[in-house]
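need a structure here:
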Amino acid sequence: MELVDTDAYDLTASALWLAESQLYLDSQVRYAFFDSTTRLAGGQEVDTDGDGYAASIEIGKFYRLNNGLNIVPQAQLIYSSVDVDDLNDVTGGTTGTVSDGTTLRARLGVRVERDFGDTGALFGRFDYYRAFDNETGVSFGGDTVITERGKNNLELTLGGHLEIATQTTLFGEVSAQSGFDGSSDDYGFAGQIGFELRF
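Residues are numbered from 1 along each chain as shown. The predicted structure is shown next:
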């Protein structure tokens, strides 16, 4: 039996520019550090550290309709890279390493939201993702294993936030994603819920 224990830490910096026309430009840079320990049967431990970073830039524009809805078309470019320490096989001495841990994706989407003023808001977002670099490679000795993800994905996200007190907001969202090209079996579901406290 194996046990994997991983600690992750990350730091994110972001900047937002908003014009009077409601055109905006949003950029983010994120750095993460991973510290993993794998305990093998018999009590042996293998330590593996890694780090990675991601950078994105997004452009969009708010259109406010007379019925209270806001429509926001968006375009985004996302680059990420992960580097992990070489892993030695404690039984055979084979070294494993990540030979290709970079990805580059573009996103085109539209967000529709209904603002209820001081009480909260609901939104839905439909996105198309295109992967330009969709392969990840891991090498063991002289062999390399390539994982290829689908290049085309669609994602639907529904969510919102509710003001439950003067300085407290409850927020949450759920999303579903699926690949639609012939070679892709990618699919996934995600969700999050949380509180925002303002001081």
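
In contact with Phe189: list those residues for me.
Taking C-beta atoms under 8 Å, 6 or more residues apart in numbering as the definition of contact, the neighbours of Phe189 are Val174, Ser175, Ala176, Gln177. Bear in mind the C-beta positions are built from the backbone N, C-alpha and C, glycine included.

do that again at 10 Å, thanks
Phe189 makes contact with Val174, Ser175, Ala176, Gln177, Ser178, according to C-beta atoms under 10 Å, 6 or more residues apart in numbering.

need those in JSON lines with neighbour count, can you?
As requested, the contacts of Phe189 are arranged in JSON lines below (neighbours: other C-beta atoms under 10 Å):
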{"residue": "Val174", "neighbour count": "13"}
{"residue": "Ser175", "neighbour count": "16"}
{"residue": "Ala176", "neighbour count": "14"}
{"residue": "Gln177", "neighbour count": "16"}
{"residue": "Ser178", "neighbour count": "16"}
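
Out of those residues, which is nearest to Leu16?
Compare each of these with Leu16 using C-beta to C-beta and the shortest gap goes to Ser175, at 22.1 Å.

Next, the buried residues of stretch 52-71.
Gly52, Ala54, Ser56, Glu58, Gly60, Asn70 (16 or more other C-beta atoms under 10 Å).

Identify the residue nearest Tyr128 in space, chain neighbours excluded?
If the residues on either side of it in the chain are set aside, Tyr128 comes closest to Leu108, at 5.0 Å by C-beta to C-beta, 6 or more residues apart in numbering.

pLDDT on whatever helix or strand the one you found lives in, on average?
Element membership of Leu108 [criterion: DSSP states H and E] is strand 102-115. Throughout strand 102-115, pLDDT has a mean value of 92.

mind listing what that strand pairs with, with the direction of each?
Each strand that strand 102-115 pairs with, and the sense of that pairing, follows from DSSP bridges: strand 69-84 (antiparallel), strand 120-133 (antiparallel).
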